[in-house]
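Chemist: Give the three-dimensional model of this entry:
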Amino acid sequence: MSWPVKPSVSTRRPQVPGLHTLAAGIERDRDAVIAGLTLPWSSGVVEGRVNRIKMLKRRMFGRAGFALPRKRVLLAS
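Modeler: Below is the predicted model:
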């Protein structure tokens with residue numbers, strides 16, 4: 001599969017380092033990007049749960065052992 005618009009040489013120059021890094025990452029993961037944009041499946045729900053658990057973990061850091069954060073995660077589900 002080819003790109004709809006071929007990147008020009010000027011966009012590959014590191015004049016805007018963030019844009020250059022983004023473009024390089026998209027090129028490197030091209031198959032995953034295409035699959036993510038075309039397939040009907042999404043891991044959004046799972047990612048949301050993982051994000052929430054990480055937030056609870058950060059909030060509880062240093063306060064208790066494993067029992068209290070585990071209880072909060074299980075009660076929140």
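Chemist: Any idea which helix or strand in this structure has the lowest mean pLDDT?
Modeler: Across the helices and strands of the chain, mean confidence by mean pLDDT, DSSP states H and E is lowest for helix 9-12: a mean of 51.
Chemist: From the chain's centroid, how far away is the next helix or strand after that one?
Modeler: Of the helices and strands lying after helix 9-12 in sequence (DSSP states H and E), the nearest is helix 17-28. What separates the centre of helix 17-28 from the centre of its chain is 15 Å, taken as Cα atoms, centre = their mean, to the nearest Å.
Chemist: Output the contacting helices and strands for helix 17-28.
Modeler: helix 9-12 (3 or more Cβ pairs under 8 Å, 6 or more residues apart in numbering; DSSP states H and E). C-betas here are computed from N, CA, C, even on glycine.
Chemist: give the contact list for Lys57.
Modeler: Pro69 (Cβ atoms under 8 Å, 6 or more residues apart in numbering).
Chemist: and the host helix or strand of it, which residues are buried?
Modeler: Secondary-structure assignment from DSSP H and E places Lys57 in helix 44-60. If you call a residue buried by 16 or more other Cβ atoms under 10 Å, then helix 44-60 has these buried ones: Leu56, Met60.
Chemist: what about Val73, neighbour count?
Modeler: Number of residues near Val73 (other Cβ atoms under 10 Å) recorded here: 15.
Chemist: I'd say it and Val50 touch.
Modeler: No - contact criterion Cβ atoms under 8 Å: Val73 and Val50 do not qualify, at 11.0 Å.
Chemist: Tell me how far the residue nearest to the spatial centre of the chain lies from Ile53.
Modeler: Centroid-nearest residue in the chain: Glu47, 8.3 Å away (criterion: Cα atoms, centre = their mean). Between Glu47 and Ile53 the computed distance is 11 Å (Cβ to Cβ, to the nearest Å).
Chemist: Just give the number of residues close to Ala23.
Modeler: Number of residues near Ala23 (other Cβ under 10 Å) recorded here: 14.
Chemist: Tell me the confidence at it?
Modeler: Here, the pLDDT recorded for Ala23 equals 89.
Chemist: ditto for the one 5 residues further on
Modeler: Note on Arg28: pLDDT of 93.
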